[in-house]
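Asker: just coords:
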Ligand code: C8R
């Protein structure tokens, strides 16, 4: 008689580890360090990928801690010039389009560690040395201390701590929570900017072409952000529909009336 392992049932409510996660992480590390930013070609991608796996493999996926990622953070340490950091909240695609064109500006996904992990899911299990490809903890339905949420909090905190000079944030003015205190930007990043290094935060409140204007720079929500920064001694400026980013939105909506007046 042969015993087969019992079929695994879905343990958690979130998507499981992205298929080929280790290969994707290793491949992205090489692409970034050898092709995109050859000034980083000395970085050891084998070690970096190993440190990433070690952060969560063979561990309970609801007991993840920032400490688990310390080695990965050390190995992926990267400095960028002052005045080049771009934060974003609920504007993922637009913010990345912006830094793609403004090659000298960096979102976290334009940094090695963010580039490796962008859009992936991952978790392990304390009773196995493999990844869980079936399911991973959902941050709200299961636990917030899951490997993925803890990772983004840890790398976002470091990204903010390392920022210097005038920094920018791209916000979405077409949704209700343009500035969300519970988002990574509102909960982690603004509180970890160093006032001694970051004199000013510039906010760009962008509205979808033809979309609603839920919030603008004069909204109470944005004033909340302003007050938090004032208390931290960081100057705040705000501009609605910042032209360099508006132009990007108008590339795919060039016929819309609101795009005529932009030119
Ligand atoms: N940042 C946070 N989360 C990130 C991320 C990133 O760079 N990149 C990805 N893919 N994610 P949101 P926010 C994932 O609510 O919470 C940094 C995570 O799973 O629109 O304010 C970055 O520096 C995360 O749960 O934005 C940026 O400035 C969602 O996407 C803010 O934090 C975040 O979606 C953005 O985080």
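Answerer: Ah, there it is. It should be emphasised that the depicted structure is a prediction, and the values quoted were computed from it without experimental measurement.
Asker: what segments of this structure are helices?
Answerer: Defined through DSSP state H, the helices belonging to the chain, from first to last, are 21-30, 45-56, 70-75, 92-101, 112-117, 147-162, 184, 220-231, 243-251, 257-260.
Asker: which elements pack onto the shortest one?
Answerer: Contact analysis of helix 184 by 3 or more C-beta pairs under 8 Å, 6 or more residues apart in numbering; DSSP states H and E lists helix 147-162 as its packing neighbours. Just so you know, the C-beta spots here come from the backbone N, C-alpha and C atoms, and that holds for glycine as well.
Asker: what does the longest one give?
Answerer: Based on contacts counted as 3+ C-beta pairs under 8 Å, 6+ apart, the elements that helix 147-162 packs against are helix 45-56, helix 70-75, helix 112-117, helix 184.
Asker: if we go to 7 Å?
Answerer: Using 3 or more C-beta pairs under 7 Å, 6 or more residues apart in numbering; DSSP states H and E as the contact criterion, the neighbours of helix 147-162 among helices and strands are helix 112-117, helix 184.
Asker: could you do the fourth one as well?
Answerer: If contacts are counted by 3+ C-beta pairs under 7 Å, 6+ apart, helix 92-101 sits against strand 86-89, strand 167-172, helix 243-251.
Asker: give me that answer again for 10 Å
Answerer: Based on contacts counted as 3 or more C-beta pairs under 10 Å, 6 or more residues apart in numbering; DSSP states H and E, the elements that helix 92-101 packs against are strand 86-89, strand 167-172, strand 200-206, helix 243-251.
Asker: ok so, going back, include distance to residue 93, mean neighbour count and mean pLDDT when you put the helices and strands packed on helix 147-162 into JSON lines, please.
Answerer: Shown next, in JSON lines, are those (distance: least, C-beta to C-beta, whole Å; neighbours: other C-beta atoms under 10 Å; pLDDT from 0 to 100):
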{"stretch": "helix 112-117", "distance to residue 93": "15", "mean neighbour count": "22", "mean pLDDT": "98"}
{"stretch": "helix 184", "distance to residue 93": "16", "mean neighbour count": "21", "mean pLDDT": "98"}
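Asker: in TSV: those, plus distance to the ligand.
Answerer: Formatted as TSV, the entries for the helices and strands packed on helix 147-162 read as follows, by distance: least, C-beta to the nearest ligand atom, whole Å:
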stretch	distance to the ligand
helix 112-117	5
helix 184	3
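Asker: switch those over to CSV; also include distance to residue 174.
Answerer: Putting the helices and strands packed on helix 147-162 into CSV (distance: least, C-beta to C-beta, whole Å) gives the following:
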stretch, distance to residue 174
helix 112-117, 25
helix 184, 19
